[in-house]
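Peer 1: sequence first, then the predicted structure:
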Amino acid sequence: MLKRFVILAYLLFLAPLIFIVNFMFDIITLENIQGLPVFSPLVFCSFGLFFASKAYQIQKNALTIGAVTANLVLFLFPFIYMIGGTAIFGV
């Protein structure tokens, strides 16, 4: 059960991360989903945090701590991105 929770947590971390990297560097042009990659971590990483915290409750090791930390940082990315853009560029 622990392995399933950890794998799900990392998969729910990697999916929006791939979208964000594609959005930033325009590897594959996806014009139809303009701002979605920035806000997708709010949905994906909230579930990832749930599964990572359940795995952390079952067994406290470096893998589960990494899953919690990764999902938490990526969950905060949209807020940091918007606040940073406003503070730096004043838009």
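Peer 2: Received it, and whenever you're ready, just let me know what you need.
Peer 1: going by C-alpha atoms from here, please, whenever you check contacts or count neighbours.
Peer 2: Will do.
Peer 1: these two touch, right, Ile65 and Tyr56?
Peer 2: Yes: applying C-alpha atoms under 8 Å as the test, Ile65 and Tyr56 come out as touching, 6.8 Å apart.
Peer 1: which one of those two has more residues nearby?
Peer 2: More crowded of Ile65 and Tyr56, by other C-alpha atoms under 10 Å: Tyr56, with 21 against 16.
Peer 1: only alpha carbons, please: show the helix or strand containing that one as CSV.
Peer 2: Using DSSP states H and E, Tyr56 maps to helix 36-58. Output of helix 36-58 as CSV, limited to C-alpha atoms (Å, rounded to 0.1, in the frame of the first residue of the first chain):
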residue,chain,number,x,y,z
LEU,A,36,-3.8,25.7,-17.8
PRO,A,37,-0.3,24.5,-17.1
VAL,A,38,0.3,27.1,-14.5
PHE,A,39,-2.9,26.3,-12.6
SER,A,40,-2.8,22.5,-13.0
PRO,A,41,-0.7,22.0,-9.9
LEU,A,42,-3.5,23.2,-7.8
VAL,A,43,-5.6,20.2,-8.7
PHE,A,44,-2.9,17.5,-9.3
CYS,A,45,-0.7,18.4,-6.3
SER,A,46,-3.5,18.6,-3.8
PHE,A,47,-4.3,14.9,-4.5
GLY,A,48,-0.5,14.2,-4.5
LEU,A,49,-0.2,15.9,-1.1
PHE,A,50,-3.0,13.7,0.1
PHE,A,51,-1.4,10.5,-1.0
ALA,A,52,2.1,11.6,0.1
SER,A,53,0.8,12.5,3.6
LYS,A,54,-0.9,9.1,3.8
ALA,A,55,2.3,7.4,2.9
TYR,A,56,4.2,9.5,5.4
GLN,A,57,1.7,8.4,8.1
ILE,A,58,2.3,4.7,7.2
